[in-house]
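S.K.: After the sequence you'll find the predicted model.
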Amino acid sequence: MRIGISIFLLLVVSTSSMVNAQESEVTFPSSELQQMSLKYTGDVLNWPILVSISDHDISSNTFSLSSSDVLQLQNFSTISSNVTLQSNRIKTLIASGATIFAKEQLDIVNGLTNGYISSVREGDIEQAIEIGNSIRPNVDLLETTLNDNRLVLVQAQLTQKEGNVDKRLGLLGSWEDAFKGDLFKESDGLRTLAESFASLAFTDGSSILVDPNTVAVIRKSRIDKLDESSDTEISLVEGGLLAKLSAAGKERSKYILNAGSSQSELKTQNFYAESDGDATVKLSNYDGQANITANDVAITIRKNEGTIVRDGQAPLPPIQLLPAPGQAWASSDTIIYRENILYPFQAVENAVSYLIQYSTSSSFDGEITEIPLTSTSAQLEELELGTNYVRVLAIDNLGLRGPFSEPVRVIRNIDNKPPALFVDGLDGKIIFTLDSNIQVTGITEPETRLTANGQRIPVQVSGRFIISLQNLVADQSVNLSAVDASGNETQKTVRVVRLTEAELFNFSLNGASGTDVLTVTRPTVTISSSAYPEMEVIIINEGNERKVLTDSRGRWGITMSMQEGKLSVTFRDITTGKYSLTKSFIVQAN
């Protein structure tokens, strides 16, 4: 039997994307701030704008919008959508070479974009609209400038430098100081001295990271304007460099790296070469493949393989690189309040030595400190305030460098703020579980005094902690307090809910009766209940799927037609996307 459909939602706001500017005052709780921001401005990130123009009732923690406010937000929504569209255009133009061929105009566009973002964050709707309206014409000018300048023969730019870096214009030129932003063309050279690094960027998004004490020459750097493919040839005279090809460069461009008596054709996004001049070259490939030719012998090295080329000899057969050292810390994030920290890692079998790098750049393209060592730990000195990234690789008896480990983050703070306190898996405000015993894990700052409901919780040297909760009842709160050595305190309340069928599937029915078998007595059936906030209820009746969100008090309801057969009700945590409990029922006609 088939019955007509209608929908009944308890305290659930309509999700219509079109807003009637003449509607009456809109009032909503603070818990729905992002949802209402999406509805009225088109983006959850625009919530500061919503806050700035709405009236806030502190006693009830609710916000109100007048009809004029709604109209103003509707006008702003159009600006926000256009800014998003222009942001996508900017990414496309950068991929097409805007950083080289239209840098000044790109700086203007980036300045406007950053100004718009700042205005939104500050809730300044008038300034955001003014800046937003100016972004599109400037992006149009950026595109025009890029297209006009792409015929310029300059192909590479010095985007990062640290320490003493020199340039040489042409094969017969003399070495002189290089500066960030300098442009390089065919036959130009780059030289780094001791404790110096440099990064060269090419028009297709590829780059070369140059080690200390290195000399490299751009032998060829051309671009085919018809299909935008590149033809690039670099000669490594001595030292070391890491070639990082873009995805486009790997697939359709030609990249040649000469080192000593070897020539490498790269079809990889990550390739390292090291030369002591002319006698020995060490080559390591971390992705895709590279075709190596030396002394009329060609081999191919694939992902995580390397080879050695000695003067006058054929390349050695492909050699498997050592794996990356494993992480010794319990977490990939560590928070400290001093300038240095001991960084340990796991030993790699057959490793002769290791190399640690740390930098404030997550891509390690500048401001790098390197530590060669033979032990499995090193003291990281003079860490910058903020986020530092650390990684390590293993080196075998031939001197081939294996792949780097995944970077860990060392966050250095100044001790005038309450300690950081994070709970794993707590994207919303509630942790849902089906078990009676669980472990709540998280991270705070080392040496912090942590308590849960007044009970002391051990904190590991990395800042990680584990809280064991046993014999859970249906709903409980865990009050966390983290106090650092300076007395700064952070408090956090975690709500832990143990989900049970008795709690979730205690339905109220209108138009049907029964428990496991539902007998339908009228054309539509209303199902309602009280569960928990931050949940989605998914109801499927013989292929007809309906979804409804619980409100801030956990209530939900829906009215729908039903067919005889199977009915399933599933609850899902909307903050994690994990499904909780599902129960099936049988629907039959009266």
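M.R.: On my side now, so go ahead. Numbering: from 1, shown residues only.
S.K.: which residues of the chain score low on pLDDT?
M.R.: 1-24, 150-155, 224-228, 248-249, 415, 427-428, 486 (pLDDT under 70).
S.K.: Dead centre of it: give me the residue that sits there.
M.R.: Ser362 (10.8 Å; Cα atoms, centre = their mean).
S.K.: Kindly confirm my reading that that residue is in a helix.
M.R.: No: counting by DSSP: H, G, I helix; E, B strand; the rest coil, Ser362 falls outside a helix, being coil.
S.K.: quick one: it and Val408, what's the gap?
M.R.: 11 Å (Cβ to Cβ, to the nearest Å). (Each C-beta comes from the backbone N, C-alpha and C, glycine too.)
S.K.: do the same with Phe184
M.R.: 34 Å.
S.K.: same deal with Arg572?
M.R.: Applying Cβ to Cβ to Arg572 and Val408 gives a distance of 33 Å.
S.K.: for Gln263, same thing?
M.R.: For Gln263 relative to Val408 (Cβ to Cβ), the value is 37 Å.
S.K.: Which of these two has more residues huddled nearby?
M.R.: In terms of neighbours (other Cβ atoms under 10 Å), Val408 is the more surrounded of Gln263 and Val408; the figures are 21 against 17.
S.K.: Who does that one form a beta bridge with?
M.R.: Val390 (DSSP bridges).
S.K.: got the contact list for it?
M.R.: Going by Cβ atoms under 8 Å, 6 or more residues apart in numbering, Val408 touches Gln327, Trp329, Ser332, Asp333, Thr334, Tyr389, Val390, Arg391.
S.K.: before we move on, what about Arg136?
M.R.: Asn82, Gln86.
S.K.: Pretty sure it sits in a strand.
M.R.: No: judged by three-state DSSP, Arg136 forms no part of a strand; its state is helix.
S.K.: how near is it to Ile79?
M.R.: Taking Cβ to Cβ, one finds Arg136 at 10 Å from Ile79.
S.K.: Likewise for Gly189?
M.R.: In terms of Cβ to Cβ, Gly189 sits 48 Å off from Ile79.
S.K.: Check Thr360 too.
M.R.: 34 Å.
S.K.: follow-up on the earlier one: reformat the contacts of Val408 as TSV; add distance to Phe465.
M.R.: Compiled in TSV, those are given as follows (distance: Cβ to Cβ, whole Å):
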residue	distance to Phe465
Gln327	18
Trp329	14
Ser332	16
Asp333	13
Thr334	13
Tyr389	23
Val390	22
Arg391	25
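S.K.: Show me just the buried residues among those residues.
M.R.: Neighbour-count burial (16 or more other Cβ atoms under 10 Å) is assigned, among the contacts of Val408, to Gln327, Trp329, Asp333, Thr334, Tyr389, Val390, Arg391.
S.K.: isn't the last one right next to Pro403, touching?
M.R.: No: with contact defined as Cβ atoms under 8 Å, Arg391 and Pro403 do not form a contacting pair (9.6 Å).
S.K.: Please identify which of Thr360 and Ile79 sits among more neighbours.
M.R.: The neighbour count for Thr360 versus Ile79, taken as other Cβ under 10 Å, is higher for Ile79 (22 against 16).
S.K.: hmm, back to that, any idea which of the buried ones among the contacts of Val408 is closest to Val217?
M.R.: Nearest to Val217, judged by Cβ to Cβ, of those is Arg391 at 28.7 Å.
S.K.: dump the residue contacts of that closest one.
M.R.: Ile356, Gln357, Tyr358, Phe364, Phe404, Ser405, Glu406, Pro407, Val408.
S.K.: try it again with 10 Å
M.R.: 324-325, 345, 355-359, 364, 403-408 (Cβ atoms under 10 Å, 6 or more residues apart in numbering).
S.K.: And for Glu542?
M.R.: So Glu542 contacts Arg2, Met562, Gln563, Glu564, Gly565, Lys566, Leu567, Val587 (Cβ under 10 Å, 6+ apart).
S.K.: what's the nearest residue to Gly115 if we skip its chain neighbours?
M.R.: Ile131 (5.0 Å; Cβ to Cβ, 6 or more residues apart in numbering).
S.K.: What is the burial count for the one you found?
M.R.: Neighbour tally, Ile131, other Cβ under 10 Å: 22.
S.K.: So what's the gap between whatever helix or strand it lives in and the chain middle?
M.R.: Assigned by DSSP states H and E, Ile131 belongs to helix 125-149. Using Cα atoms, centre = their mean, to the nearest Å, the mean C-alpha position of helix 125-149 is found 26 Å from that of the whole chain.
S.K.: So which bits of it are buried?
M.R.: 125, 128-129, 131-132, 135-136, 138-139, 142-143, 145-146, 149.
S.K.: That one: what's the following helix or strand?
M.R.: That would be, after helix 125-149 and using DSSP H and E, strand 156-162.
S.K.: CA atoms only: put that following strand into PDB for me.
M.R.: Taking C-alpha atoms only, strand 156-162 is exported to PDB below (Å, rounded to 0.1, in the frame of the first residue of the first chain):
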ATOM      1  CA  ALA A 156      62.400  30.600 -13.300                       C
ATOM      2  CA  GLN A 157      62.400  32.800 -10.200                       C
ATOM      3  CA  LEU A 158      64.300  32.700  -6.900                       C
ATOM      4  CA  THR A 159      61.400  32.300  -4.500                       C
ATOM      5  CA  GLN A 160      63.300  31.400  -1.300                       C
ATOM      6  CA  LYS A 161      66.800  32.000  -0.100                       C
ATOM      7  CA  GLU A 162      68.600  31.700   3.200                       C
END
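S.K.: I'd assumed Asn453 was in contact with Ser477.
M.R.: Yes: with contact defined as Cβ atoms under 10 Å, Ser477 counts as touching Asn453 (8.2 Å).
S.K.: Each with direction, which strands does the longest strand belonging to the chain pair with?
M.R.: Taking DSSP state E as the criterion, the chain has its longest strand at strand 230-244. Strand 230-244 sits in its sheet next to strand 207-210 (antiparallel), strand 214-223 (antiparallel), strand 254-259 (parallel), strand 271-275 (antiparallel), going by DSSP bridges.
S.K.: and it, which residues are buried?
M.R.: Of the residues in strand 230-244, those buried (16+ other Cβ under 10 Å) are 230, 232-244.
S.K.: Could you do stretch 517-533 as well?
M.R.: Leu518, Val520, Thr524, Val525, Thr526, Ile527, Ser528, Ser529, Ser530, Ala531, Tyr532, Pro533.
S.K.: Relative to Ile94, how far out is Ile538?
M.R.: 40 Å.
S.K.: neighbour-wise, which of those two wins?
M.R.: Ile94 (18 against 15).
S.K.: just checking, the more buried one is part of a helix?
M.R.: Yes: assessed with three-state DSSP, Ile94 lies in a helix.
S.K.: That one and Asp204 touch, don't they?
M.R.: No: counting by Cβ under 10 Å, Ile94 does not reach Asp204; the two are 11.2 Å apart.
S.K.: All the helices of the stretch 1-150 of the chain, residue numbers only.
M.R.: All helices of the stretch 1-150 of the chain, identified by DSSP state H, counting those that start in this stretch, fall at 33-41, 47-53, 67-95, 98-101, 103-121, 125-149.
S.K.: Format those as a markdown table; extra columns: distance to Gly312.
M.R.: Compiled in a markdown table, the helices of the stretch 1-150 of the chain are given as follows (distance: least, Cβ to Cβ, whole Å):
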| stretch | distance to Gly312 |
| --- | --- |
| helix 33-41 | 67 |
| helix 47-53 | 67 |
| helix 67-95 | 43 |
| helix 98-101 | 40 |
| helix 103-121 | 45 |
| helix 125-149 | 45 |
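S.K.: Could you point out which of those sits nearest Gln439?
M.R.: Nearest of the helices of the stretch 1-150 of the chain (Cβ to Cβ): helix 33-41, 29.3 Å.
S.K.: Compute the inter-axis angle for that closest one and helix 67-95.
M.R.: 90 degrees (axes from the mean of the first three to the mean of the last three Cα atoms, to 10 degrees).
S.K.: Touching, Leu85 and Gly42? I think so.
M.R.: No: under the criterion of Cβ under 10 Å, Leu85 is not in contact with Gly42, lying 11.4 Å apart.
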